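> just the structure for this:
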Amino acid sequence: MDWEIVIGLETHAQLSTHSKMFSGASIAFGAPPNAQACAVDLALPGVLPVPNRAAIERAIRFGIAVGARINRRSVFARKNYFYPDLPKGYQISQYELPVVEGGTLEIPVGSGTRVIHLTRAHLEEDAGKSLHEDFHGATGIDLNRAGTPLLEIVSEPELGSAEEAVAYARTLHALVRWIDICDGNMQEGSFRCDANVSVRPRGQTRLGTRCEIKNLNSFRFLDLAIRHEVARQIELIESGGRVVQETRLYDPDRDETRSMRSKEDAQDYRYFPDPDLPPLWVDDDWMARVAAALPELPAACRARYQSDWGLSPYDAATLTQSRDLSAYFEAVVHSLGATDQAKLVANWVTGELAAALNRDSLEVANARIGALALSGLLRRIVDGTISGKIAKDVFDAMWTDGAVTPGAADDIIEARGLRQISDSSELESIIDAIIQANPAQVAEVRAGKEKAFNYFVGQAMKATRGKGNPATINAILRARLTA
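Purely as a prediction, here's the structure:
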């Protein structure tokens with residue numbers, strides 16, 4: 001049978017505030033267990049929650065960025081369930097009236113793009129963490145995360161494959177980092193996905209029974225978990241069984257999903273408005289201030305790179321994968337003072353720089369070559385001081401030394417005698433000697449064999465120890481050998 005895959009993602013983005021959603025306790029990562037759990041987080045008698053204005057503003061910022069509707073009035077609700085790491089016996093979340101409704105996200109699919117619709121994005125607090133590994137026959141509870149501000153972003157069930165789900169998650173991850181509402185650190189749990197997966201016969205309009213795979217904290221695990229779950233559901237149905245709605249956990253060591261518990265529906269949580277928290281009101285002035293503080297969004301940046309600077313869609317997309325990368329690229333272009341060289345800059349940023357960053361596991365913000373230093377190197381390619389090949393050697397030396405100043409490349413070029421030979425008379429004498437010493441190859445060139453011509457180019461570069469200007473060498477050789 002031909003099966004259709006239907007996937008919806010619920011993504012929890014930890015908001016980049018200094019304190020928790022309803023208390024003043026810190027959310028800094030790595031503190032000793034329970035060192036950052038205050039009276040509000042512990043739900044001690046007599047305490048009251050106070051909403052974090054900075055968290056609310058980050059939710060508004062996200063809503064504006066995805067073109068969503070910002071509800072002027074939204075409501076905090078109690079989501080009731082009973083786990084040891086939930087001190088109150090309920091989680092403060094939003095249900096019927098979230099702060100953000102709707103919106104879209106454009107994701108790359110093959111050689112094109114696809115628009116995925118969002119259902120909502122709502123504010124909530126995180127639960128604590130149960131610790132099983134360090135205790136024999138018992139479970140420890142760390143409430144440092146209890147109350148941490150989250151924005152839960154829910155997509156419509158419009159994703160049709162593991163590849164599309166990963167593309168969506170990567171695009172969303174890049175966006176929340178770009179607009180500075182979440183640091184996106186998946187290892188620390190700042191960005192994690194729950195995947196709702198179902199299958200149905202192709203052409204059927206009714207959705208199949210879904211299973212939710214919880215807390216996927218890497219793009220690789222998201223991909224593997226969905227692939228396994230799809231295969232499991234199809235095999236189960238085709239063998240005469242039926243899929244049961246449940247929550248499952250992905251085990252990367254065994255590459256399988258395992259049942260955790262039956263999947264609850266909304267009514268099981270007995271949502272009701274939190275009596276300790278009044279409705280949240282967002283007025284026009286507040287909206288306008290948040291909107292004015294937003295940076296240029298990735299889509300607008302990509303469009304500008306293509307229309308104003310002549311970059312390809314691929315280069316524009318690559319350079320807008322992160323705001324830091326885009327800022328670095330633009331700093332090099334502006335320092336070079338020539339937007340007509342944007343393609344050259346793009347090639348170096350996505351080529352040599354990206355390779356060096358990847359090799360040393362560095363983010364662009366920690367690059368060993370600053371934007372001004374790279375522009376100084378590229379300026380010497382543009383003015384013909386060095387060739388592109390020699391520039392790569394200079395780049396490696398700059399990376400090893402750590403280069404920040406615009407003159408770093410010049411210092412290496414002078415110290416190592418790498419300046420390109422562009423003087424025609426000097427190159428002509430070298431080339432004439434090579435031609436005179438290789439009459440057989442001259443005959444081959446004049447017989448139309450391009451390989452023989454390349455031989456002369458190689459000999460000329462060897463004779464100049466790689467410092468001959470390739471364009472000048474080619475021009476002289478063409479003139480001499482085709483005369």
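
> what's the longest strand seen in the chain packed up against?
Counting residues, the longest strand found in the chain (DSSP state E) is strand 112-125. Helices and strands touching strand 112-125, by 3 or more C-beta pairs under 8 Å, 6 or more residues apart in numbering; DSSP states H and E, are helix 53-65, strand 90-93, strand 100-101, strand 104-109, strand 149-155. All C-beta spots, glycine's among them, are computed from the backbone N, C-alpha and C.

> cutoff 6 Å now
Identification of packing neighbours for strand 112-125 by 3 or more C-beta pairs under 6 Å, 6 or more residues apart in numbering; DSSP states H and E yields strand 104-109, strand 149-155.

> which residues does the shortest one contact?
Under the criterion C-beta atoms under 6 Å, 6 or more residues apart in numbering, residues 67, 113, 114, 115, 116, 117, 167, 168, 171 lie in contact with strand 104-109.

> partners of that strand, with directions?
Its sheet considered, strand 104-109 pairs with strand 112-125 (antiparallel) by DSSP bridges.

> might you report the residue contacts of residue 400?
Applying C-beta under 6 Å, 6+ apart to residue 400 gives no contacts.

> and if you look at residue 192?
Going by C-beta under 6 Å, 6+ apart, the list of residues near residue 192 reads 12, 215, 217.

> so what's residue 266 scoring on pLDDT?
pLDDT, residue 266: 66.

> for the longest strand of the chain, C-alpha coordinates in CSV please.
In CSV, the C-alpha atoms belonging to strand 112-125 read as follows (Å, rounded to 0.1, in the frame of the first residue of the first chain):
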residue,chain,number,x,y,z
GLY,A,112,12.5,25.2,-3.8
THR,A,113,10.7,26.2,-0.7
ARG,A,114,7.4,25.4,1.0
VAL,A,115,5.3,27.4,3.4
ILE,A,116,4.3,25.6,6.7
HIS,A,117,1.5,27.1,8.7
LEU,A,118,1.8,27.5,12.5
THR,A,119,-1.2,26.8,14.8
ARG,A,120,0.0,28.9,17.8
ALA,A,121,2.8,29.9,20.0
HIS,A,122,2.1,30.1,23.7
LEU,A,123,4.0,30.9,26.9
GLU,A,124,4.5,28.4,29.6
GLU,A,125,6.9,27.4,32.4
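
> how close does the most centrally placed residue in the chain sit to residue 140?
Ranked by distance to the mean C-alpha position of the chain (C-alpha atoms, centre = their mean), the top residue is residue 174 at 3.8 Å. Between residue 174 and residue 140 the computed distance is 35 Å (C-beta to C-beta, to the nearest Å).

> check for me that residue 12 belongs to a strand.
Yes. Counting by DSSP: H, G, I helix; E, B strand; the rest coil, residue 12 is part of a strand.

> quickly list what it is bridged to.
residue 152, residue 192.

> among the helices and strands packed on strand 112-125, which is the most enclosed?
When you average the neighbours per residue for each of the helices and strands packed on strand 112-125 (mean count of other C-beta atoms under 10 Å), strand 149-155 leads with a mean of 23.

> pull the distance from it to the chain's centre.
Put simply, strand 149-155 sits 17 Å off its chain's centre (C-alpha atoms, centre = their mean, to the nearest Å).

> that one packs against which elements?
Using 3+ C-beta pairs under 6 Å, 6+ apart as the test, strand 149-155 ends up in contact with strand 3-14, strand 112-125.

> I'd like to check the angle between it and strand 112-125, please.
Angle, strand 149-155 to strand 112-125, by axes from the mean of the first three to the mean of the last three C-alpha atoms, to 10 degrees: 140 degrees.

> other residues contacting strand 149-155?
8-15, 17, 21, 52, 55, 59, 116, 118-122, 124, 126.

> and for residue 434, the neighbour number?
Residue 434 has 20 neighbouring residues, counting by other C-beta atoms under 10 Å.

> returning to that earlier point: indicate which one of the helices and strands packed on strand 112-125 is closest to residue 396.
Smallest distance to residue 396 across those (C-beta to C-beta): 31.8 Å, for strand 104-109.

> now the closest one against helix 53-65, angle please.
Going by the same axes, to 10 degrees, strand 104-109 makes 60 degrees with helix 53-65.

> returning to that earlier point: the helices and strands packed on strand 112-125: lowest mean pLDDT?
strand 104-109 (a mean of 95).

> give the contact list for residue 86.
By C-beta under 6 Å, 6+ apart, the residues touching residue 86 are residue 127.

> what's the separation between it and residue 399?
For residue 86, the distance to residue 399 (C-beta to C-beta) stands at 49 Å.

> cool, residue 314 as well?
Noted for residue 314: a distance of 25 Å to residue 399, by C-beta to C-beta.

> who's more crowded, the two?
residue 399 (19 against 12).

> which residue is the nearest non-sequential neighbour of residue 167?
Distance criterion C-beta to C-beta, 6 or more residues apart in numbering; nearest residue to residue 167, sequence neighbours excluded, is residue 107 at 4.5 Å.

> same check, this time on residue 10
Nearest non-adjacent residue to residue 10 (C-beta to C-beta, 6+ apart): residue 194, at 4.4 Å.

> just checking, next helix/strand downstream of the helix or strand where the one you found lies?
When elements are assigned from DSSP states H and E, residue 194 belongs to strand 191-201. Proceeding C-terminally, strand 191-201 gives way to strand 211-216 as the next helix or strand, assigned by DSSP H and E.

> rounded mean pLDDT for that following strand, please.
Mean predicted lDDT for strand 211-216 stands at 94.

> which helices and strands does it pack with?
strand 191-201, helix 219-238, strand 246-251.

> how far does stretch 257-276 stretch from start to finish?
End-to-end distance for stretch 257-276: 39 Å, by C-alpha to C-alpha, to the nearest Å.

> got the buried residues for that stretch?
257, 263, 269, 271, 273, 274 (16 or more other C-beta atoms under 10 Å).

> among those residues, which are in helices?
Per DSSP state H, helices hold no members of these.

> closest one to residue 132 among the helices and strands packed on strand 211-216?
strand 246-251 (12.7 Å).

> and the buried residues of stretch 257-276, which is the shakiest by pLDDT?
Least confident entry in the buried residues of stretch 257-276, by pLDDT: residue 263, with 66.

> and the pLDDT for the spatially closest residue to residue 281 that is not a sequence neighbour?
Among residues not flanking residue 281 along the chain, residue 73 sits closest, at 5.8 Å (C-beta to C-beta, 6+ apart). Residue 73 is assigned 97 on the pLDDT scale.

> which stretches of the stretch 201-350 of the chain have low pLDDT?
Low-confidence segments of the stretch 201-350 of the chain (pLDDT under 70): 263-266.

> for the residue nearest to residue 10, give me its contacts.
10, 212, 214.

> neighbour count for those - can I get that in a markdown table?
What follows is the contacts of residue 194, written out as a markdown table (neighbours: other C-beta atoms under 10 Å):
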| residue | neighbour count |
| --- | --- |
| 10 | 17 |
| 212 | 18 |
| 214 | 17 |
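
> which of the residues you listed sits closest to residue 35?
residue 214 (26.4 Å).

> look up the closest residue to the closest one, ignoring the ones flanking it.
residue 194 (5.2 Å).

> and what of residue 148?
residue 126 (4.0 Å).

> could you double-check that residue 121 sits in contact with residue 100?
Yes. Residue 121 lies in contact with residue 100 (C-beta atoms under 6 Å); the separation is 3.9 Å.
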